[in-house]
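S.K.: Curious how this folds, go ahead:
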Amino acid sequence: MTTPQSDFERRKQISVRDRNVSTLRDYYFALAHTVKDHLVSRWIRTQQHYYEKDPKRVYYLSLEFYMGRSLTNTMINIGIQSACDEALYQLGLNIEELEDVEEDAGLGNGGLGRLAACFLDSMATLGMAAYGYGIRYEYGIFAQKIINGEQQEEPDDWLRFGNPWEKARPEYMIPVNLYGHVEDTPSGKKWLNTQVVFALPYDNPIPGYNNNVVNTLRLWSAKSPIDFNLKFFNDGDYIQAVLDRNLAENISRVLYPNDNFFEGKELRLKQEYFMCAATLQDIIRRFKASKFGCRENIRFNFELLPEKVAIQLNDTHPSLAIPELMRILVDIEHLPWDVAWKITVATCAYTNHTVLPEALERWPTSMLESILPRHMQIIYQINHFHLEDVLRKWPGDLDRMRRMSLIEEDGEKRVNMAHLSIVGSHAVNGVARIHSEIIKKDIFKDFYELTPEKFQNKTNGITPRRWLLMCNPGLSDVISNKIGEEWIVHLDQLQQLKKFAKDSSFQTEVMKVKQENKLRLAELLEKDYGVKVNPASLFDIQVKRIHEYKRQLLNCLHIITLYNRIKKNPSAKFTPRTIMIGGKAAPGYYTAKKIIKLINFVGNVVNNDPIVGDKLKVIFLENYRVTLAEKIIPAADLSEQISTAGTEASGTGNMKFMLNGGLTIGTLDGANVEMAEEMGNENIFIFGMTVDEVEALQRKGYNAYEYYEKNPELKQVIDQIQNGFFSPGNPDEFKDLADILLKYDRFYLLADYDAYIAMQDKVSLVYENQSKWLQMVIHNIASSGKFSSDRTIIEYGKDIWDVEPIYTKLPEPHEPRDLQLG
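M.R.: Numbers count the residues shown, from 1 in each chain. Model prediction:
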């Protein structure tokens, strides 16, 4: 009698049948499908549970979900990692090699998309009936290649080999209308002669940690309708008719690669509306049918919508959900305007992610009138009633009316989507305390004065499952051996580590893990970049999108300063450093791409100078993404968070480094302010101007030449950039960057240079005293509790959504269903 086959063996046979010809990819898919089998029963159970209990549902709408890989995270969250590891070992397979086959789901640019991914993990772990809604981009964020020091973009064809985690749901396909015109009829407004594109949903499972809850991320893919335009048949051009189907399907083809920059392209507007329209139809369908698992429409009282549905808009990208919900309630469900408006405002809430003026979405009214004629009418009507409210409160204040209008009239007429989002939501939040204050006293001051009760703060967080338990198992073990495992879902438990900050044996354990992580990264750097680094050197890391406000250029000025110091006095005492900078620049962002080139050219000079040796190495980390972050962050000694005060809304990379025992050098910007508060100023390297000092400098007038003339070290650095020291083949290569620094710098790099260099000198000094450094490291880890996305989501639930966390576990898949939690 043959022994029964394991799931894995069965899967392997399904996928390839013959072990002799199976590739690593075949084994990866076999493993992924085996793991997914263990997920699916929990997934079905969770959704059945929601249908029966009919809780209030949370819908997180985002144009970006930067998920990374799913395999390891899924195995950890459903508790089968060691079993899988053991099974593969017995088959003679290396689990890490299989994990490396998986493509990153790069459906995001940076912080905003990764935050959405962390939030999904937290909502599932907290047992909330939550759904992520976004777009299934065929091409995610581009792959970055560095060729001759320059960024080149390659398309990210992440679906090339298929995605084992998703499940297409054609039965829930939804029509989305574009263009056409609006007619008045006896029964109200009718949107007619539209072009239809279908939204095909793909569901992705989101497992909570160790609670058998599996929520859903539903991503929409654009599909052309089957009935071709008959005109083509009359012309006999059948082939062209088939080819033109692509035009509709282009809507979900590619993620726009801009971070903190608005590009008013028609395709982007269509993407935003496509996601909102499909999602809202889905939400309404579920609202009507969601009672005791019944598919018949049984709930028609839309005044109950805010009791059963919370819609969170992740920035203004999904803000068309507001006029779309109004269109559904007024035109289709025939509710009176004022009733529909009350429901819409009570259902929607808006998160603001940036104060940079170039990032705020302002769509031309001409474009909206063409693509979404009914929505443009609705926005005008919303604006009419809104401005009546403004006039009631401030009679005759026409300037305030102009400032607060949803329609900007100066130049081309545009709709300010942030204003629409504020007016159409019952809650508006920033993502760190300082950011939420700036919103109230600066960019949305008028709106705060109109409705102060709407404005809140929700400081961002990160999921400790991915950003510690998964990416740093060594440190996780050290922590669990000391305080148990409760920290995994209650991160504030890490506070218990504070009492061990000076304990030399605990310091040694923490140091040993950091050293192992650094050795592993050093190996990777030698393999991928051909640069041999000193693993005992201070690993100084800045990884984030390349943008002028994030000031990678300031970091570069420090690198050149260190280089000049070594050259000037090679025998002086020097704390060895390996400086790594990584991140992508938007393809059309000239200055950001120049900064990447400068870093690479400086690295080329530094790394090949025999006098410098292994005292200083500079590496630009190519193609920074979630999976690379998981390798880099656990190995960092120093984290660079050096944006100009008042420009970074929150930052979340800062939190990841902190949780993994990397110390921060940073300005009082974004969440750095709260991090310093949690750990104490003595455990963080804060430098530079505050928001108030930046504003004072702005008022006074910033003259970069003053700083340049005053400081000979700084002058030398800028002269080297300007005169082609790092680009002997083309002396003018970096002239533009020097010009920006001296003439057009909106982010005041030279004003913070002295303070930055002085603080970097202090960093080197403290690093020499390892016991003091490790004490600071332990304080950082122990103070990270506040920065769990679990805490953030609990606050959203309490203050905005009216949803409570549930810590009870759902029954195991093999247990009877009547054990369901209450």
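S.K.: Report the buried residues of whichever strand in the chain runs longest.
M.R.: Counting by DSSP state E, the longest strand found in the chain is strand 195-207. For strand 195-207, the neighbour count (16 or more other CB atoms under 10 Å) marks Val197, Phe198, Ala199, Leu200, Pro201, Tyr202, Asp203, Asn204, Pro205, Ile206, Pro207 as buried. (Each C-beta comes from the backbone N, C-alpha and C, glycine too.)
S.K.: Isn't the first one up against Leu178?
M.R.: Yes - counting by CB atoms under 8 Å, Leu178 is a contact partner of Val197 at 6.8 Å.
S.K.: how near is Val612 to Ile541?
M.R.: As for Val612, its distance to Ile541 is 19 Å (criterion: CB to CB, to the nearest Å).
S.K.: now swap in His547 and tell me
M.R.: Distance of His547 to Ile541, given as CB to CB: 17 Å.
S.K.: what about the helices in the stretch 601-750 of the chain?
M.R.: 626-632, 653-659, 672-679, 691-700, 704-710, 712-722, 735-739, 749-768 (DSSP state H, counting those that start in this stretch).
S.K.: re the thing from before, show me which of Val612 and Ile541 is the more surrounded one.
M.R.: Between Val612 and Ile541, Ile541 has the larger neighbour count (other CB atoms under 10 Å), namely 25 against 19.
S.K.: any idea which element the more buried one lies in?
M.R.: Element membership for Ile541 (DSSP states H and E) is strand 538-543.
S.K.: and the strand or helix carrying Thr578, what other elements does it pack with?
M.R.: Assigned by DSSP H and E, Thr578 falls within strand 577-582. Secondary-structure packing of strand 577-582 (3 or more CB pairs under 8 Å, 6 or more residues apart in numbering; DSSP states H and E): strand 538-543, helix 552-568, strand 616-621, helix 626-632.
S.K.: cutoff 10 Å now
M.R.: helix 504-529, strand 538-543, helix 552-568, helix 590-607, strand 616-621, helix 626-632, strand 638-641, helix 749-768 (3 or more CB pairs under 10 Å, 6 or more residues apart in numbering; DSSP states H and E).
S.K.: Provide the strand pairings for it, with the direction of each partner.
M.R.: Sheet pairing of strand 577-582 (DSSP bridges) gives strand 538-543 (parallel), strand 616-621 (parallel).
S.K.: Output the first one as CSV, restricted to C-alpha atoms.
M.R.: In other words, strand 538-543. Output in CSV follows, covering the C-alpha atoms of strand 538-543 (Å, rounded to 0.1, in the frame of the first residue of the first chain):
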residue,chain,number,x,y,z
LEU,A,538,29.1,52.2,11.1
PHE,A,539,26.3,51.3,8.6
ASP,A,540,24.8,54.7,7.8
ILE,A,541,21.6,54.3,5.7
GLN,A,542,19.2,56.6,3.9
VAL,A,543,16.5,54.7,1.9
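S.K.: If I take it and helix 504-529, what angle do their directions form?
M.R.: With axes from the mean of the first three to the mean of the last three CA atoms, to 10 degrees as the basis, strand 538-543 and helix 504-529 are set at 60 degrees to each other.
S.K.: Going by neighbour count, which residues of strand 538-543 are buried?
M.R.: Leu538, Phe539, Asp540, Ile541, Gln542, Val543.
S.K.: and of these, the nearest to Gly264?
M.R.: Comparing the buried residues of strand 538-543 against Gly264 with CB to CB picks out Val543 as the nearest, at 29.5 Å.
S.K.: Any idea what that closest one is bridged to?
M.R.: Applying DSSP bridges to Val543 yields these beta-bridge partners: Gly582.
S.K.: For Leu765, list the residues it contacts.
M.R.: Contacts for Leu765 (CB atoms under 10 Å, 6 or more residues apart in numbering) come out as Thr575, Lys772.
S.K.: cutoff 6 Å now
M.R.: Counting by CB atoms under 6 Å, 6 or more residues apart in numbering, Leu765 makes contact with nothing.
S.K.: Residues contacting the strand holding Thr578, please?
M.R.: By CB under 6 Å, 6+ apart, strand 577-582 touches 533, 537-543, 552, 559, 599, 616-621, 624.
S.K.: How about stretch 684-698?
M.R.: Residues from elsewhere that reach stretch 684-698 (CB under 6 Å, 6+ apart): Ala645, Gly646, Thr664, Ile665, Thr667, Leu668, Ala676, Asp752, Ala755, Tyr756, Met759, Val763.
S.K.: Neighbour-wise, which one of these leads?
M.R.: Among the contacts of stretch 684-698, the one with the most neighbours (other CB under 10 Å) is Thr667, at 27 neighbours.
S.K.: Name the nearest residue to that one, sequence neighbours excluded.
M.R.: Once flanking residues are discounted, Thr667 sits nearest to Gly688: 4.4 Å by CB to CB, 6 or more residues apart in numbering.
S.K.: try Thr347
M.R.: Closest to Thr347 by CB to CB, 6+ apart is Pro306, at 4.8 Å.
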